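Engineer: What shape does this take:
(one chain, ligands or ions: 2)
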Amino acid sequence: MTTPVFIDGAAGTTGLEIVERLTAHPHFEPVVLDEARRKDAHARREALNDNPFAVLCLPDDAAREAVALVDPASTTRIVDASSAHRVADGWTYGFPEVIGRASIAEATRVANPGCYPTGFIALVAPLVRAELLPADWPFTVNAVSGYSGGGKALIERFEANPGIALRTYGLTLDHKHLPEMQRHAGLEHSVLFAPSVVPAFRGMLAEVPLHLGAMRTDPRAYALRDALSEFYSDSDVVHVVQEDDTAELLIDRDAAPWDGMELRVFGNEGGWNARLIAVLDNLGKGASGAAIQNLNLMAGFPETASLHVR
Ligand SMILES: NC(=O)C1=CN([C@@H]2O[C@H](COP(=O)(O)OP(=O)(O)OC[C@H]3O[C@@H](n4cnc5c(N)ncnc54)[C@H](OP(=O)(O)O)[C@@H]3O)[C@@H](O)[C@H]2O)C=CC1
Ligand SMILES: CC(=O)N[C@@H](CCC(=O)OP(=O)(O)O)C(=O)O
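Structural biologist: Ligands and ions are numbered 1, 2, ... in the order given. Next comes the predicted model:
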């Protein structure tokens, strides 16, 4: 006996990966609408109300519309992969390691984190909570994503233009991920965010460079690594790399799907300056993998069932 999960937006980039993971899942089965009905409001309303779980893999406006289609008396529990509800009242932020697994387990409305915020919040939230980094610090995050991060439109653009070697964007400094980064990392100020896209299908590096010597909390790089390591010690998804002597980090053009995340802390001699770097798959822990992890916790199944964790 498997538990049905309706995927609204199953034909999209994130939706397809969720269907793939749920098809291989021992306890869930994906429910999708056929091509003729996948945007039909009546068919979607029925599927949204008649299944115990629904995952929204839609643009923000369509995700809000989907939530409005759910009858207030319906028992359907929702995971929204869009950015529509990540700082909204009544929604639980779907980052089990940071928010707490119990909060996800009992939630009826879960907002999946954005891919870039997943890396940033994973690095910064535990260190701010431990008062190693000041909550009022002017944080910067530099990040690189595979082009699937922009959904079908950006995939088409990159695949039609193989000459693009790098695209930096967010140049108006008002990226839609700023509110969730500030809120869920527990910061007093908005983050300065510099995202770029490279010609690899999937993959992501999110980096927070820090002048530790200028902070009143006066931490050292090794202390940050130790604190992160302790914080994630019970996670089978997030892994903190110890004693890091890696000279470079690469994004592969043809990487396989991956639902884990690695956190790395590099420091100069003396540990006065640091580069905190999260390595993840924008479509894995940054989207579909996180959605499955949240569904597993909500349904009481093993947290990593059907996840690609190594
Ligand atoms: N790609 C990523 O790495 C990540 C994406 N997300 C979020 O997940 C959501 C989906 O993104 P992504 O999969 O990349 O986007 P895509 O553009 O690849 O897919 C979106 C899908 O939604 C469908 N759709 C649009 N409007 C409706 C509607 N009214 N009813 C039913 N279906 C509709 C689209 O249909 P059609 O095929 O006809 O266009 C498309 O299939 C977005 O909110 C995105 O921000 C979150 C984290 C990471
Ligand atoms: C490369 C690229 O375009 N990335 C997307 C974010 C992808 C993601 O995290 O999705 P959400 O917006 O739902 O959070 C962007 O910058 O808007």
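Engineer: And the helices in the chain?
Structural biologist: 13-23, 41-50, 60-69, 96-99, 101-106, 115-129, 151-160, 178-185, 221-231, 289-299 (DSSP state H).
Engineer: Show me the beta-bridge partners of Leu263.
Structural biologist: Beta-bridge partners recorded for Leu263 (DSSP bridges): Val240, Ala278.
Engineer: Surely it touches Leu276?
Structural biologist: Yes. With contacts counted by CB atoms under 8 Å, Leu263 reaches Leu276, the gap being 7.3 Å. All C-beta spots, glycine's among them, are computed from the backbone N, C-alpha and C.
Engineer: Now render the helices of the chain as a markdown table, adding mean pLDDT and distance to ligand 2.
Structural biologist: Shown next, in a markdown table, are the helices of the chain (pLDDT from 0 to 100; distance: least, CB to the nearest ligand atom, whole Å):
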| stretch | mean pLDDT | distance to ligand 2 |
| --- | --- | --- |
| helix 13-23 | 98 | 8 |
| helix 41-50 | 98 | 19 |
| helix 60-69 | 98 | 8 |
| helix 96-99 | 98 | 16 |
| helix 101-106 | 98 | 18 |
| helix 115-129 | 99 | 4 |
| helix 151-160 | 98 | 5 |
| helix 178-185 | 98 | 8 |
| helix 221-231 | 97 | 22 |
| helix 289-299 | 98 | 10 |
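Engineer: how about JSON lines for those, with mean neighbour count added?
Structural biologist: Putting the helices of the chain into JSON lines (neighbours: other CB atoms under 10 Å) gives the following:
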{"stretch": "helix 13-23", "mean neighbour count": "22"}
{"stretch": "helix 41-50", "mean neighbour count": "16"}
{"stretch": "helix 60-69", "mean neighbour count": "16"}
{"stretch": "helix 96-99", "mean neighbour count": "21"}
{"stretch": "helix 101-106", "mean neighbour count": "15"}
{"stretch": "helix 115-129", "mean neighbour count": "26"}
{"stretch": "helix 151-160", "mean neighbour count": "13"}
{"stretch": "helix 178-185", "mean neighbour count": "20"}
{"stretch": "helix 221-231", "mean neighbour count": "19"}
{"stretch": "helix 289-299", "mean neighbour count": "25"}
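Engineer: got TSV for those helices, with distance to ligand 1 too?
Structural biologist: Output for the helices of the chain, formatted as TSV (distance: least, CB to the nearest ligand atom, whole Å):
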stretch	distance to ligand 1
helix 13-23	3
helix 41-50	6
helix 60-69	4
helix 96-99	16
helix 101-106	17
helix 115-129	4
helix 151-160	3
helix 178-185	11
helix 221-231	23
helix 289-299	8
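Engineer: okay, those in JSON lines with distance to Val5 next?
Structural biologist: Converted to JSON lines, these look like this (distance: least, CB to CB, whole Å):
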{"stretch": "helix 13-23", "distance to Val5": "6"}
{"stretch": "helix 41-50", "distance to Val5": "10"}
{"stretch": "helix 60-69", "distance to Val5": "14"}
{"stretch": "helix 96-99", "distance to Val5": "18"}
{"stretch": "helix 101-106", "distance to Val5": "15"}
{"stretch": "helix 115-129", "distance to Val5": "21"}
{"stretch": "helix 151-160", "distance to Val5": "21"}
{"stretch": "helix 178-185", "distance to Val5": "24"}
{"stretch": "helix 221-231", "distance to Val5": "30"}
{"stretch": "helix 289-299", "distance to Val5": "6"}
